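>>> Prediction below, plus the sequence it came from.
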Amino acid sequence: MHSMIIDQLKGIAFAAAIVALSLCGSAFAQDGKRGVPKPVTVPISLRFRDSSSAETREVVLLLREDGDIQQLVSQRSALDSPMTLAILFQDDLVPSVAVDSKNMAKFIREQPGGSRAMVGYIRPGSLDVRKKFTNELDKVADSVRVPLGLASAGAYNPYIEIIEGLRRFDSQPMGRRAMIVISDGIDVSRGPESSTPAQSLDLQRAITEAQRRAVPIYSIFVPPAAASQLPYALNGQSCLQRLSDETGGRAFFQGTAAPVSFDPFLKEINLLMSLQLAYTYRSTHPSKGFHKLDVKPLEGNVEVRHPAGYTR
């Protein structure tokens, strides 16, 4: 009975999508100034409340852009699209994070065959890329080093280097992507007032660049080594929360202290990445500016994470 209901809902959703798309097609035929629908790819991570056989289950999704149902072009999963993963460490975090450099190296080695990865370190004024994107995961894992843990190694904010890391995806094939950022999230580049999520201009730029490249960002908060930065730790967490939420990733904290271990965070990230889809659709909104996204599964037993939208 349950499967019959799901099948009926799928049929209704498909019919609604066809009607909506036919109306959109008429609008485009009548108004050539609006242009031709363009393909857009967004990362969508699934989470099944009942995890049994999750990797083999198909999920029908309804994606709306600015309130309008969009036409699916392709939906690539782990079965047909390897992950392209960037991992960025901030270099001026508390020394205890050194223990987890080995955990991160192990995490990289255990990624599925065909995955591509890179490792970089956020330093003042530049991103120290230890290993460029490659599918030689052992070499990427070997490039992971212990962060310096010195206040002098800290940038005024991590978001400029995060943007630099995101630009590295431009040379990679389109498909399933992700970035893991280990950072304090603190931006004092324009004074203490820039440390809040609403005031950090570079945070907004990083979100926009990640959305444009279909890269969800998973962030792990670690406090800074500099005692002078500690009063801004909560603001840093709020910035990382916004960075992850609006790009379709997830933020991880253990209060304002350094995590005891990255292991539970990495297990959750691994699960979300394994069930991530590269969902490509034809956008019926070619105008410049921000386009809001809303994605709903037809099956009620599924949770989805996706970007808040993207800027054309």
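Structure's in. What do you need? The shown structure was predicted, so the numbers you read here are calculated from the model rather than taken from an experiment. Numbers count the residues shown, from 1 in each chain.

>>> What strand or helix carries the closest residue to G185 other than its chain neighbours?
Spatial nearest neighbour of G185, excluding adjacent residues (C-beta to C-beta, 6 or more residues apart in numbering): G236 at 3.4 Å. The C-beta positions use only the backbone N, C-alpha and C, and glycine is treated the same way. Taking DSSP states H and E as the definition, one finds G236 inside helix 233-247.

>>> for that helix, packing partners?
strand 177-183, helix 201-212, strand 217-221, strand 251-252 (3 or more C-beta pairs under 8 Å, 6 or more residues apart in numbering; DSSP states H and E).

>>> rerun that using 7 Å as the cut-off
helix 201-212, strand 217-221, strand 251-252 (3 or more C-beta pairs under 7 Å, 6 or more residues apart in numbering; DSSP states H and E).

>>> how many degrees apart are that helix and helix 201-212 in direction?
20 degrees (axes from the mean of the first three to the mean of the last three C-alpha atoms, to 10 degrees).

>>> Just give me how far helix 233-247 sits from the chain centre.
Computed by C-alpha atoms, centre = their mean, to the nearest Å, the chain-centroid distance of helix 233-247 equals 13 Å.

>>> Name the surrounding residues that touch that helix.
183-187, 195-197, 200, 203, 206-207, 210-211, 215-219, 221, 223, 250-251, 253, 256, 307-308 (C-beta atoms under 7 Å, 6 or more residues apart in numbering).

>>> rerun at 6 Å
With contact meaning C-beta atoms under 6 Å, 6 or more residues apart in numbering, helix 233-247 is reached by 184-186, 195-197, 200, 203, 207, 210, 216-217, 219, 221, 223, 250-251, 253, 256, 307-308.

>>> what about burial for these, which qualify?
Buried by 16 or more other C-beta atoms under 10 Å: 184-186, 195-197, 200, 203, 207, 210, 216-217, 219, 221, 223, 250-251, 253, 307, out of the contacts of helix 233-247.

>>> Now do the helix or strand hosting G120 against strand 177-183, angle only.
Element membership for G120 (DSSP H and E) is strand 116-123. Orientation of strand 116-123 against strand 177-183 (the same axes, to 10 degrees) gives an angle of 30 degrees.

>>> what's in contact with strand 116-123?
Residues from elsewhere that reach strand 116-123 (C-beta under 6 Å, 6+ apart): 84-91, 108, 127-133, 135, 140, 143-144, 153, 155, 158, 161, 165.

>>> now those residues: which count as buried?
Buried residues within the contacts of strand 116-123, defined by neighbour count using 16+ other C-beta under 10 Å: 84-91, 108, 127, 129-131, 133, 140, 143-144, 153, 155, 158, 161, 165.

>>> centre of the chain versus stretch 146-166, how much separation?
That offset, for stretch 146-166, works out to 19 Å (C-alpha atoms, centre = their mean).

>>> Repeat that for stretch 242-254.
Put simply, stretch 242-254 sits 8 Å off its chain's centre (C-alpha atoms, centre = their mean).

>>> same question, stretch 123-139
18 Å.

>>> Find the least confident helix or strand in this structure, judged by mean pLDDT.
Every helix and strand in the chain was compared by mean pLDDT, DSSP states H and E; the lowest is helix 2-30, with a mean of 37.
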